[in-house]
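S.K.: how would this look folded up:
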Amino acid sequence: MTGFDLIVFGGGTGNTVASAAAAEGLETALVEKGPLGGLCLNRGCNPSKMLIQHANVVNQVRNADRFGIDATVEDVRFGEFVREVNDELDNAASSKEANKRDEENLTLLQQEARFVDDRTIEIVESGETHTAEKVVVAAGSQPVVPDAIDGLADADYLTSDDAIRLEAPPERLVVLGGGYIAAELGYYFESFGTDVALIEMEESLVPREDAEVAEAFTDIAGDRHDVYTGYRASSVTESNDEVTVTAESKDGGEVEIAGDELLVALGRRPNTDGIDLDATNVETTDAGFIATDDRLRTNVENVWAMGDIADNGMFKHSGDYEGEVMIDNVARGKEREANFTALPHAVFTEPQIGAVGETESTLEDADREYVIGRAAFTDTAMSRALKLDHGFAKVLADPSSREILGCHIIGHEASMLIHEVTPTIRYGATVDDLANTLIHAHPSMSKVVLNACKDVPRDE
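M.R.: This is a model prediction of the structure:
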């Protein structure tokens, strides 16, 4: 048995915690069975956004005639750019591994492991055990593949992990799910000629978004995909290299959707079962995530958790922030609290979606009053320059204090625009602070946020 000051279980954002702890003088073990960098670098946001940028470029060329420019796409070297993207990221992961092996006080255990007790892990292949005074669990998540869909377990399906490595776009793609992953990959493959069908049990795509944004996105997506909202997949069958999904609506209607490939994009679940967390006394939530407090501590002394396995957002940027908090608390002995008051997110489709703070639904569930300001992209000078014909920003505010409670944007570069509002929510600023005291460069797209704040009515 080897004793460490700290074991970090998971090499995604956990690898930065391990390095910082080692730099502080703690004898640290970093445990990761796969490539370092975790989901984001290897199978998630990095490769998907790099691939989506290829889709953006091909669509820009196809739309050049709107600007009086004749341009055509003569050739798409799909397999070539897919290999380039994945090779680049594979090399980045390998570089991380090499760097970790050179760091003082850090031992990289790049093997499958599982818990034996609260602060002891066992390497599965060798049976050797390692213990530590402190443990950080950052073991990530995995795709949800439900047992309730007949025939799915026996079907040859893709997850997002597989889809980003396809070296040829399928002719027809059936997607189970209508959330962020489904929306982004649907847009990506459709841009290169794939007929995409999306099956979503809720009444709109991206159903976690504010309802008005979700409805607008569903309408836009319906122009390029076959969209089946309000349908639940009940069975999957395969025959002659074709996969067929049977889906049922709430009123008893039934449809059959056939394709060459099936993508399961029904969300992700915590990896608690994959690391034998049941061998510990660490408590989990009803959804299976590790329960943590504001300092990211579990119920077990000297055991912390972060990232997807702890469900404080399940975003790479929330994981990065948790990593900073974790470094302070675990490696430097501080008692820093995490604050997720203003946690933005974005969906990188066309159009993009950006959001932060409360939605109308969450405010109504909390029985909290609010007022709304809206502004259309088409009312800005930059929108006219870009020849945009859709998009809006929506601000939710307290009617008395006028504090900004939430902001939701669908449109060009929404992923960047949302960050104008994020600090105002974090520090309790009002719509008037943003609208009346901050000068916005003209004719920047950020004026759509300014206009939405100006549109918020006053409580009479």
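S.K.: now stretch 241-250: how far from the chain's centre is it?
M.R.: From the chain centre to the centre of stretch 241-250 is a distance of 26 Å (CA atoms, centre = their mean, to the nearest Å).
S.K.: list of residues touching it?
M.R.: 155-157, 174, 176, 199, 228, 230-238, 254-262 (CB atoms under 8 Å, 6 or more residues apart in numbering). Where you see a C-beta, it was placed from the backbone N, CA and C, and this is true even at glycine.
S.K.: state the mean pLDDT of it.
M.R.: Per-residue pLDDT values across stretch 241-250 average out to 95.
S.K.: ranges for the strands of the stretch 251-400 of the chain?
M.R.: 254-259, 261-264, 268-270, 303-305, 345-347, 352-357, 371-376, 392-397 (DSSP state E, counting those that start in this stretch).
S.K.: out of those strands, flag the one nearest Asp311.
M.R.: Among these, strand 268-270 comes nearest to Asp311, with 6.9 Å by CB to CB.
S.K.: walk me through which strands the closest one pairs with, and which way each runs.
M.R.: strand 141-143 (antiparallel) (DSSP bridges).
S.K.: picking that back up, rank the strands of the stretch 251-400 of the chain by pLDDT, which is bottom?
M.R.: For these, mean pLDDT drops lowest on strand 268-270, to a mean of 93.
S.K.: list of residues touching it?
M.R.: By CB under 8 Å, 6+ apart, strand 268-270 touches 139-144, 284, 287-290, 308-311, 314.
S.K.: and that strand, how far out from the chain middle?
M.R.: Worked out by CA atoms, centre = their mean, strand 268-270 lies 12 Å from the chain centre.
S.K.: returning to that earlier point: of the contacts of strand 268-270, grab the buried ones for ChimeraX.
M.R.: Filtering the contacts of strand 268-270 down to the buried ones (16 or more other CB atoms under 10 Å) takes a single ChimeraX command:
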select :139,140,141,142,143,284,289,290,308,309,310,311,314
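S.K.: least confident pick among the contacts of strand 268-270?
M.R.: The lowest pLDDT within the contacts of strand 268-270 belongs to Asp311, with 81.
S.K.: look up how far Gln110 lies from Met326.
M.R.: 21 Å (CB to CB, to the nearest Å).
S.K.: neighbour count for these two, which is higher?
M.R.: Met326 (28 against 16; other CB atoms under 10 Å).
S.K.: wait, isn't the more buried one in contact with Val17?
M.R.: Yes: under the criterion of CB atoms under 8 Å, Met326 makes contact with Val17 at 5.0 Å.
S.K.: which neighbours do those two have in common?
M.R.: 136, 306.
S.K.: contacts only, for Arg208.
M.R.: Residues near Arg208 by CB under 8 Å, 6+ apart: Gly179.
S.K.: part of a strand, is Arg83?
M.R.: No: counting by DSSP: H, G, I helix; E, B strand; the rest coil, Arg83 is not part of a strand but helix.
S.K.: you'd agree it is up against Ala168?
M.R.: No: with contacts counted by CB under 8 Å, Arg83 stays clear of Ala168, the gap being 11.6 Å.
S.K.: how much space between Glu80 and Glu167?
M.R.: 9 Å.
S.K.: give me phi/psi at the residue nearest to Gly428 when sequence neighbours are not counted?
M.R.: Excluding its sequence neighbours, the residue lying closest to Gly428 (CB to CB, 6 or more residues apart in numbering) is Glu403, at 5.6 Å. When read as degrees, to the nearest 10, the backbone of Glu403 gives phi -70, psi 140.
S.K.: quickly list what Glu403 is bridged to.
M.R.: Thr430.
S.K.: and what of Val135?
M.R.: With DSSP bridges as the rule, Val135 is bridged to Ile7, Val303.
S.K.: that one against Phe9, yeah?
M.R.: Yes: Val135 lies in contact with Phe9 (CB under 8 Å); the separation is 6.7 Å.
S.K.: which helices and strands does the worst-scoring helix or strand of the chain on mean pLDDT pack with?
M.R.: Counting by mean pLDDT, DSSP states H and E, the chain has its least confident helix or strand at helix 38-42, which shows a mean of 80. Packed against helix 38-42 by the contact rule (3 or more CB pairs under 8 Å, 6 or more residues apart in numbering; DSSP states H and E) you find helix 78-102, helix 316-326.
S.K.: any idea how far the longest one is from the middle of the chain?
M.R.: Read it as helix 78-102. For helix 78-102, the distance to the chain centre is 21 Å (CA atoms, centre = their mean).
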